[in-house]
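Peer 1: can't give you the sequence, but here's the structure:
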């Protein structure tokens, strides 16, 4: 179990919403609708009177947390030796490009690709200009 919670294995602590905030209440509402067996189309509909950006942000962060947990359970089985290519089956190979260290699409072993991807997503989620923690303070583009 210790291996699953190892930061080097791309497991990150859940991103949480501050209790008492509007985002926290939206998160609770989203969780309740997703856990109740409700129609998914109805579950993701914007609640009346809520900001669309806040609603989407809650779901993006929740999705990241769920993917992070799933990946954390399998990462010990996917090593550079067992998963030398990041692929989507035999027809698709994913290559990493971030315009920083990797200027061109670069083939990487799956664990390295996933570490870079999860780090990149975490940076986006923590960027106040994209995902402000204060409701209604989204920077206009």
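Peer 2: Yes, it's here. Just so you know, these numbers come straight off a predicted model, no measurement behind them. Numbers count the residues shown, from 1 in each chain.

Peer 1: which residues of this protein score low on pLDDT?
Peer 2: 1-17, 22-27, 29-38, 40, 134-141 (pLDDT under 70).

Peer 1: try it again with 90
Peer 2: Counting by pLDDT under 90, the chain shows low-confidence ranges at 1-48, 50-63, 65-76, 89-90, 99, 126-141.

Peer 1: which residues in it form strands?
Peer 2: 95-96, 106-107 (DSSP state E).

Peer 1: may I see these organised as TSV, with mean neighbour count added?
Peer 2: C-beta here means a position set from N, CA and C on the backbone, and glycine is covered the same way. Shown next, in TSV, are those (neighbours: other CB atoms under 10 Å):
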stretch	mean neighbour count
strand 95-96	16
strand 106-107	14
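
Peer 1: of all those, which one comes closest to residue 47?
Peer 2: strand 95-96 (36.9 Å; CB to CB).

Peer 1: can I see the domain layout of the chain?
Peer 2: According to the TED database, the chain is divided into the following domains: 1-77, 79-132.

Peer 1: can you give the distance from the shortest one to the centre of its chain?
Peer 2: Averaged C-alpha coordinates place domain 79-132 at 12 Å from its chain's average position (CA atoms, centre = their mean, to the nearest Å).

Peer 1: now do the end-to-end distance for it.
Peer 2: Length of domain 79-132, first residue to last, CA to CA, to the nearest Å: 35 Å.

Peer 1: what is the neighbour count of residue 41?
Peer 2: 7 (other CB atoms under 10 Å).

Peer 1: next one: residue 124
Peer 2: Using other CB under 10 Å as the criterion, the residues surrounding residue 124 number 13.

Peer 1: I'd say it and residue 117 touch.
Peer 2: No - look at residue 124 against residue 117 with CB atoms under 8 Å: they stay out of range, at 10.8 Å.

Peer 1: mind listing the helices for this protein?
Peer 2: 22-35, 40-43, 52-74, 110-126 (DSSP state H).

Peer 1: ok, now how distant is residue 43 from residue 65?
Peer 2: As for residue 43, its distance to residue 65 is 17 Å (criterion: CB to CB, to the nearest Å).
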